[in-house]
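S.K.: Only the shape, not the letters, is given here:
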């Protein structure tokens, strides 16, 4: 595909992801070998130097995260966040389906860096079919000896979106309700079963073998300087070519839609694009010439998030779309903190009122202040991000709201 | 208790419970123990014929045959001695007669004890190791240990175990009897005992008698008095003529109710001072209405020897009178002059005759109670006893042989009956049966019986059944359970309409303490046809 | 030590101090719902949020460790806005019947709405119906007043260890529930009422005290429980010379044994005090029947009988069972009466029973 840069997906469909031998034939587990030859501090430094930032949405420097793990602890865990719950996102599944061994190698590299013997992959509840693939992959990797004494166990989620939040994910693995913990302490200090734990996304782990094999400088040289590497993008919505791509991170959003995506479906006009999943901002036409990297997206009030790209054509009713999104958040709020539990409920009520043409201008005011408080005061990312679609559409598509209001 | 309650939550690293259903009978202490186990990882050993709540979180649970406490404890000590887990330094420096005890304990191997108690030898070993190897091991017991004809032996064995391992005189250790009633500690401290004046000053010692004769300005009897159980027997025999019962209900609380009833009927004069017309009050010749705890000032001493204030909250009903005033008025009529203006005046006198209370005053315990001994106003109180030294000097090991309970099951009465309290009621139910919510929640007595035993007798859960012993029988609901083994049944003693103490025996008491064997008698359970 | 500036005031706190404590040290009254010093932190009500200079979001001060040179505003516009909105959100789901609510006067929701002038909720809409009718005789559960602070869940787990209740369902359907949403009596509940003790609103209250008087109408008399030997401290709530309830004093200075925790008997077992069965006058038995007597007559009878029996059979023919339920002072007098006035050591009590 034109303009793609495939690193993680270079051998997609050419190797069997379950088989360590296949992966080894194309250079797999070389990175781990190198990692094991390094001392831990140098290894973490190398990862830091590569500039690799979390691919799950928060964009935190991976090496930095690892460096918070205290050396003295006896037991430490490596946890892979494969909860991939953002609607429209399936890049982690693609990575696993095409290159699961890279994920395992990445986890083992992390384990080497923090001296952990046990890893967990927390697999999204809606991906039961992935469990077998991953178990086969782990078995093969263990049998090949590549993982050494590092063990990986697959744990299934139960379908809660909030369990993509790392502390809720940890609670879920521990067998508790999937509810986020307050931070600090961060998982790096006190995570799974109160032990130091690194939680990274599938894509983050899968980058590591290539960083170790080709060097930090090589990786840092790809894409945007502040968020280097490639990003797997999943394209959905009103688009000619709704599929996945791996692109360098300085790739323009417009090119994602028009070059890779083939433009708007059925020759209609573009209206908006939502990047980063359901909690992402809606981006209007005027901001399309923005690179997809984390900081560039942040600068326009959006977020790269998981790399999901949802395109809406001119026929779409923004208020209706956002109303549906507000329902999603109401449903997925875990109920722990007040602003999110009550706020998502009331956001949905007001959005439905607006969408039904039964709202007045004061409702917009209420929505605005409620959004602000949720962003300011909710306990975890879910509650803080839930109002973003509302905010961004109120900003760029105010007219669509206004025309549904009752005015006296 | 030799140690304080809070240590069970914060300091003990291993806790051995024997004969205490702590979460039901001392709930707050039970909760603290559970918290220590769950949050701090303290080890827990539970020995009880019933698999009580705390057994569920115990590292070892020993379901032993009722009345085989001495054997079980000797078995644990056998393991500790044979495996070298004893605290030799403590034994050498602070105890005497270790060899005598050792000699007796030698034959109680875990296998021998397993045969007596029904507890697997491996569990006895495990329990012994956990307790002995703990940094701070605490033993707690209650009436499950003491209400046997070998009650004193049982307590001595517990003390042997603590001394053997040096678990005394440090935070989180100790021999800790959990006392069943709000002021049973205080009643003992105050000399409501036939053998001692206030603060355990023996009646039999001339010096003590002289001290009290001087303090009270009157000649005192040099003879030990009658224990409660002995007094009932004397009344039964017609030798005791008058009895004054102050806030007690022996008709329900004493063993072998028919025997008690005949004894009370034999009296020439029975005075009952109470707040309710209890089963005992109904027998009285004279009833003096006292006041409830909400209507009086004073102090209670709790199980950890902490003296705390009781405060009057309301004015008592019409023509009732403060209990202290009744006693004072009567004493004056008996020709001995008493003149107190308030409970505080009485307390001030107590301080002058009870050295362990000397340093305690209402002012000092206005906010926080103090642990006796507290010999002077500057003394901070003593949460932990026996630090560095026992009160008698060296700790004395008592060699104790196991003795079978008095009444063993036979063909006619094939089950062992044990009695105790429920969480929702208190003692003879005088108060709790008149508390609407408590009585609504648990209005009737029940006999707890193993599912298999019940099945063999054709008894369903909730069915009315007859429970009989050689003394009599009662009818009550069957409660099927798996917390008891097949040979043991259990019932509460709060319910006068199905009174457990119709069933218990008063034939053999503990020779030292005079305590009845409430925890073991032979019984029969029948379907009512 | 760490240096902080809170509401313009410089303050030093030890490392490890939580921001909420630091705020309190600085004299700032930060509102809280879910925070309870005896329980593990939840950080979930978000009422204690404060503005910390340089931090992106408001910080829940109960779960935020102090950091050197923090500059904190506990009543900044954003903070106050957040608290008001949280209160409005809670009011929107609340069954507002303060006029008949047991907790009126000691309700944190009321107090904070008053403080922040929140008289109504802009978010009033659909209401959940969470009320759990529970037939137990002790604990009233009105979850239409629940604010989901989970203090009850934590107290049940951490203080009592019963683990009878937990959070069920998610989002705004979340509610406090027993296993499978059953009755308390069918759960591991032991009816200690620690949940009532920690509940900051009217969701949990005592059925035994219902309609008998509100906290502010009652005098609270600190005393020691009359049941087992643990010696728990409790407060008798008194209104018009009636005990109408028991409350906890959770200050370890006043409640050294139990820190406010009680059991079912201590918390709910007090109404025998006002039982109609109370003896209210001396009674003398004549011909098998009791008749009322004056104190003079009763005490004279007691004295004369005891004297004559003593004369006829000797002092050891008389015994007294004192009581483990009465006070030290009364026990002391009882044994003194027997020893000094009667002349016998026949004094015992139920320690053995």
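M.R.: It's in. Just so it is clear, the structure is predicted and the values come from calculations on it, not from any experiment.
S.K.: Nearest spatial neighbour of the residue of the stretch 151-300 of chain C found nearest chain B, chain-adjacent residues omitted?
M.R.: When Cβ to the nearest Cβ is the measure, the stretch 151-300 of chain C has its nearest residue to chain B at residue C:231, with 2.5 Å between them. (Glycine included, C-beta is placed from N, CA and C.) On the basis of Cβ to Cβ, 6 or more residues apart in numbering or on different chains, the spatially nearest residue to residue C:231 that is not a chain neighbour turns out to be residue B:302, at 2.5 Å.
S.K.: Is that neighbour in contact with residue B:365, as I believe?
M.R.: No. Taking Cβ atoms under 8 Å as the contact criterion, residue B:302 and residue B:365 are not neighbours in contact, 11.9 Å apart.
S.K.: More neighbours: which of those two?
M.R.: Higher neighbour count among residue B:302 and residue B:365: residue B:302, with 28 against 18, using other Cβ atoms under 10 Å in any protein chain shown.
S.K.: what residues go with each domain of chain A?
M.R.: Chain A is divided into the following domains under automatic domain parsing: A:20-220, A:227-313, A:318-402.
S.K.: who's in contact with residue A:46?
M.R.: When contacts are counted by Cβ atoms under 8 Å, 6 or more residues apart in numbering or on different chains, residue A:46 is found next to A:38, A:63, A:211-212, A:216.
S.K.: Check the gap between it and residue A:23 for me.
M.R.: Distance check for residue A:46 against residue A:23: by Cβ to Cβ, to the nearest Å, it reads 21 Å.
S.K.: One more: residue B:173?
M.R.: 60 Å.
S.K.: re the thing from before, what is in contact with residue B:302 and residue B:365 at once?
M.R.: Between them, residue B:302 and residue B:365 share these contacting residues under Cβ under 8 Å, 6+ apart: residue B:308.
S.K.: quick one: buried residues of stretch A:167-185?
M.R.: Using 16 or more other Cβ atoms under 10 Å in any protein chain shown as the test for burial, stretch A:167-185 gives A:167-173, A:177-183.
S.K.: ok so, going back, just the contacts of residue A:46 now: which is nearest chain B?
M.R.: For chain B, the closest of the contacts of residue A:46 turns out to be residue A:63, at 35.2 Å, with distances computed as Cβ to the nearest Cβ.
S.K.: was I right about the residue of the stretch 151-300 of chain C closest to chain B contacting residue B:305?
M.R.: No. Counting by Cβ under 8 Å, residue C:231 sits too far from residue B:305 to count as a contact (9.6 Å).
S.K.: the more surrounded of those two?
M.R.: Ranked by neighbour count (other Cβ under 10 Å), residue C:231 and residue B:305 place residue C:231 first, with 30 against 26.
S.K.: Give the helix, strand or coil label for the more buried one.
M.R.: Judged by DSSP: H, G, I helix; E, B strand; the rest coil, the three-state class of residue C:231 is coil.
S.K.: quick one: the stretch of helix or strand residue B:235 belongs to near chain C?
M.R.: Taking DSSP states H and E as the criterion, residue B:235 maps to helix B:228-237. Yes. Looking at helix B:228-237 against chain C by Cβ under 8 Å from any Cβ of the partner chain, the contacts come from B:228-229, B:231, B:234-235.
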